[in-house]
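Trainee: would you be able to build a 3D model of this:
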Amino acid sequence: MNEMQLKFLSRSENEVFARNVVAAFALPLSPTLAELSDVKTAVSEAVTNCIVHGYRGGEGWITLSCRTEDTCLHIEISDSGRGIADLEKALQPFYTSLPEEERSGMGFTIMQTFMSDFSVTSEAGRGTTVRMSKTFGARAAEDAR
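Mentor: Modelled structure (predicted):
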């Protein structure tokens, strides 16, 4: 088992930083390129949500925590921003709270699709936390059965 935690400002340039840090942290688990791409995409979506929705043009802290366990990578990304008033609605595909910015509303759906496990908690005015996990080699194990 290994763990790390990182705290960075909600600036757009830090989205690439976060995805690359997580990818580097996951390398000892020997992910395939496709699995690594899935993780990087999910992290990008989560961090972008913090920047665009959590802080809406303002600046605040984003906390990224990762933990490895056997062949699984656990990721937690949180902000202390606006929070989500209606989480059930926000989890629906194509829903966006910023339609004027031409957002696709697919961030949570992408995270859920690309990761093995996904959950989100939020409190209006207090922030949002996304927890997701990816088990590497899961497809190979299923195919071998």
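
Trainee: what stretches of the protein score poorly on pLDDT?
Mentor: Scanning the chain for pLDDT under 70 picks out the ranges 93-106, 138-145.

Trainee: residue boundaries of the helices in it?
Mentor: In the chain, the helices defined using DSSP state H lie at 13-26, 33-49, 87-90, 107-114, 138-144.

Trainee: could I get these as JSON lines with mean neighbour count and distance to D79?
Mentor: C-beta coordinates here come from the backbone N, C-alpha and C atoms, glycine included. Formatted as JSON lines, these follow (neighbours: other Cβ atoms under 10 Å; distance: least, Cβ to Cβ, whole Å):
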{"stretch": "helix 13-26", "mean neighbour count": "17", "distance to D79": "12"}
{"stretch": "helix 33-49", "mean neighbour count": "20", "distance to D79": "8"}
{"stretch": "helix 87-90", "mean neighbour count": "13", "distance to D79": "14"}
{"stretch": "helix 107-114", "mean neighbour count": "19", "distance to D79": "13"}
{"stretch": "helix 138-144", "mean neighbour count": "10", "distance to D79": "29"}
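
Trainee: skipping adjacent residues, who's closest to S44 in space?
Mentor: R19 (5.0 Å; Cβ to Cβ, 6 or more residues apart in numbering).
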